[in-house]
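*Asks:* sequence first, predicted coordinates after that:
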Amino acid sequence: MTTHSPPEAVSLAANGTLLSGAVLAAAILTMGLMAGVFGVFTHTIMPGLRHTDDRTFVGAFQAIDKAIINPWFMATFFGALILTGLAAVLHLSGDKRNVLPWIGAAFVLYLIAVVITLAVNVPINDALKAAGDPARIGDLAAVRRHFDEARWSAWNLVRTLTTTAAFGCLIAAAMTHRSAR
């Protein structure tokens, strides 16, 4: 005896697969963007600023920090975490569970980057911002030393590595997701 699924059940399953795949794709996109943002600070911005005078360093970093706090960045920064978590939830059932280890690893890796950002990099950025206008700072060298470029850059490298690894995990999840169809 052959059993057939009602058309509604097939349609719901197809929609669920489409939704879970779309959310996974959005998680990959936002995670890739974040890996790029952290990476460009690691290999371009901080090495470039390292060779500037104190006034240029303080002014440029303050301007970059002010510019990066915008809706596009914030949506991507938090979106990568939210979308990765949602992708995990959408893959909890049935034959889609085989991607969970990859998505779970990506979530944990990126959560580490978010915690580092909020616990280390943002407070350092805020302290530099609080120093005020570089034209009015009496001892720019002291402000720059207090910023501690080496510490900021080291933690940014950790963010770059964990976010890039999370991006790779999400790609592996998508490849597994695709082969499970």
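*Replies:* Ah, there it is. Quick caveat, the model's predicted, so the values are computed rather than measured.
*Asks:* name the helices or strands packed onto the host helix or strand of V122?
*Replies:* Here V122 sits within helix 122-130, counting by DSSP states H and E. For helix 122-130, the elements it packs on are helix 54-68, helix 140-147, judged by 3 or more Cβ pairs under 8 Å, 6 or more residues apart in numbering; DSSP states H and E. C-beta: built from backbone N, CA, C; applies to glycine.
*Asks:* repeat the analysis, applying 10 Å as the threshold.
*Replies:* helix 54-68, helix 140-147, helix 149-179 (3 or more Cβ pairs under 10 Å, 6 or more residues apart in numbering; DSSP states H and E).
*Asks:* sketch out the low-pLDDT regions of this protein for me.
*Replies:* 1-16, 177-181 (pLDDT under 70).
*Asks:* change it to 80
*Replies:* 1-17, 94-96, 177-181 (pLDDT under 80).
*Asks:* kindly list the longest helix within it.
*Replies:* The longest helix of the chain (DSSP state H) is helix 7-40.
*Asks:* enumerate every residue touching the residue nearest to the spatial centre of the chain.
*Replies:* Nearest to the mean C-alpha position of the chain, by Cα atoms, centre = their mean, lies M34 at 3.8 Å. Neighbour list for M34: 73, 76-81, 110, 113-114, 117, 159-160, 163-164, 166-167 [criterion: Cβ atoms under 10 Å, 6 or more residues apart in numbering].
*Asks:* how about 6 Å then?
*Replies:* A80, T163 (Cβ atoms under 6 Å, 6 or more residues apart in numbering).
*Asks:* determine which stretch of the helices and strands packed on helix 122-130 is the most buried.
*Replies:* Neighbour counts (mean count of other Cβ atoms under 10 Å) averaged over each of the helices and strands packed on helix 122-130 peak at helix 149-179, with a mean of 19.
*Asks:* what about the closest residue to G59 other than its chain neighbours, neighbour count?
*Replies:* Of all residues not flanking G59 in the chain, P134 sits nearest, at 4.3 Å (Cβ to Cβ, 6 or more residues apart in numbering). Counted with other Cβ atoms under 10 Å, the neighbours of P134 add up to 20.
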